[in-house]
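**Q** The amino acid sequence is not available; the structure is as follows:
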């Protein structure tokens, strides 16, 4: 059985393997999250909002929402957050969900904001101090999951349309990050499709 450290090393090597193709999502892979696609996104119960918000899922009905869990000292977060931050628009809300490691750990809002500035993320930030929402969205469904820097793309109707089970995704011409580039293209396709699809009209009672 892979330890947490060995799993991180394995996935890092996969991202850094020149020419490595992106593997199709498989229900046999606990980090794929493929079984979550097409399901309504669970409610979130964040500790507090550090910047922007506070938002409830109902407040963002009709918007496309990207939730990305992140923490300070995470290389994968550092390479991914500045890229997805650029996707913020009138139709798209990108929320950076800060989860301290180890958890629970008290954090100061000023420190989290400093971490975000250092990484280059300017969007809304929610604090998941005890990982309650991370557990509900991700960890509780499969005890074999180790990654926590997970992303969920939620469409205008509140349905999960794309899941990234951890690590990094960003555009790159570097052969060492070929897999990261492919996964970012997959994200862009899912995002474009979610933005293009109108919300389902609410039927009158």
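**A** Alright, I've got the coordinates. Here the structure is a predicted model, which means the values were calculated and not measured.

**Q** Nearest to the spatial middle of this structure, which residue is it?
**A** To find the centre residue of the chain, average its C-alpha atoms and take the closest one (CA atoms, centre = their mean): that gives residue 151, at 1.6 Å.

**Q** what's near enough to touch that residue?
**A** If you count contacts by CB atoms under 8 Å, 6 or more residues apart in numbering, residue 151 has them with 66-69, 80, 84, 162-164, 169, 187. The way it works is simple: take the backbone N, C-alpha and C, and place the C-beta from them, glycine included.

**Q** Now do it against residue 170, distance only.
**A** Residue 151 sits 12 Å away from residue 170 when distances are taken as CB to CB, to the nearest Å.

**Q** for stretch 51-65, the distance to its chain's centre please.
**A** On the basis of CA atoms, centre = their mean, to the nearest Å, stretch 51-65 sits 15 Å off its chain's mean C-alpha point.

**Q** quick one: the strands in the protein?
**A** 48-51, 64-70, 92-98, 125-127, 151-154, 160-164 (DSSP state E).

**Q** What are the contacting residues of stretch 84-98?
**A** With contact meaning CB under 8 Å, 6+ apart, stretch 84-98 is reached by 46, 50, 52-53, 55, 60, 63-71, 81, 107, 112, 115-116, 120-128, 133-134, 151, 187, 191, 195.

**Q** residues of that stretch that come out buried?
**A** By neighbour count on 16 or more other CB atoms under 10 Å, the buried set for stretch 84-98 is 84-85, 87-88, 92-98.

**Q** Stretch 176-190 too?
**A** For stretch 176-190, the buried set under the neighbour-count rule, 16+ other CB under 10 Å, comprises 177-184, 187, 190.

**Q** Tell me the one among those residues nearest to residue 157.
**A** Here the nearest of these to residue 157, counting by CB to CB, is residue 190; it sits at 14.5 Å.

**Q** these two touch, right, the closest one and residue 159?
**A** No. Residue 190 is not in contact with residue 159 according to CB atoms under 8 Å; the separation is 11.8 Å.

**Q** nearest spatial neighbour of residue 70, skipping sequence neighbours?
**A** Ranked by CB to CB, 6 or more residues apart in numbering and with sequence neighbours excluded, the top spatial neighbour of residue 70 is residue 77, at 3.9 Å.

**Q** picking that back up, could you name every residue contacting both of residue 151 and residue 170?
**A** When contacts are counted by CB under 8 Å, 6+ apart, residue 151 and residue 170 are jointly contacted by residue 80.

**Q** just for this structure, where's the confidence low?
**A** Scanning the chain for pLDDT under 70 picks out the ranges 1-27, 202-205.

**Q** quick one, helices of it?
**A** Per DSSP state H, the chain carries helices over the ranges 4-15, 75-85, 109-119, 132-134, 178-196.

**Q** Distance to residue 143 added to these, as CSV?
**A** Output for the helices of the chain, formatted as CSV (distance: least, CB to CB, whole Å):
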stretch, distance to residue 143
helix 4-15, 13
helix 75-85, 22
helix 109-119, 28
helix 132-134, 14
helix 178-196, 24
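
**Q** Tell me which of the ones you listed lies nearest to residue 42.
**A** Minimum separation from residue 42 across the helices of the chain (CB to CB) falls at helix 132-134, 7.7 Å.
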